[in-house]
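Fold the stuff below for me.
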Amino acid sequence: MKIGFIGLGNMGAPMASNLAAAGHDVTGFDVTGVSLANVELATSAAAAATGREVVITMLPDGAILRSVAAEIIPVIAAGCGFVDCSTVDVDSARAVAMDADAAGLLAVDAPVSGGVGGALAGTLTFMAGGSAAAFALA
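Predicted structure coming up:
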């Protein structure tokens, strides 16, 4: 699967690496310019999201999530998946999910539990919500 991963910090970097190790084609972006083995790095969030079947965000707060979503939602093809794993305020999560739905994306809100250790080990617990079609793709 072609996956865009935006937010390659303490949680996102190991998550993206684990997806790549599982055989997925992962393109990532982070404002810090981190480098990961087996993850192609894009020059912007929009570039990481373009041409991907699923785009995953793991961002530190609601304001950043809203800003990134405004940049990437227009470049994600209708029918593709948008999975937000950020732990943010309810209003931001709902607003971004509504924007994604309005753009024809299959949105899943999926904050995680397990911390950095769980991200490194690939043992995170996802608390996910979305439509049946979104779950089928994600």
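
I figured Ala49 hits Ile72, correct?
Yes. At 4.0 Å, Ala49 counts as touching Ile72 under the criterion of CB atoms under 8 Å. Where C-beta positions appear, they are placed from N, C-alpha and C, glycine not excepted.

Identify the contacts common to those two.
Common contacts of Ala49 and Ile72 (CB atoms under 8 Å, 6 or more residues apart in numbering): 4, 6, 55.

Can you tell me how far the first one is from Leu120?
To Leu120, Gly4 is 21 Å away according to CB to CB, to the nearest Å.

Please say which of the two ends up with more neighbours.
Gly4 (30 against 17; other CB atoms under 10 Å).

check which helix or strand covers the more buried one.
Counting by DSSP states H and E, the element that carries Gly4 is strand 2-6.

now for that strand, which elements pack on it?
helix 12-21, strand 25-29, helix 45-49, strand 54-57, helix 62-72 (3 or more CB pairs under 8 Å, 6 or more residues apart in numbering; DSSP states H and E).

what inclination does that strand have with respect to helix 12-21?
170 degrees (axes from the mean of the first three to the mean of the last three CA atoms, to 10 degrees).
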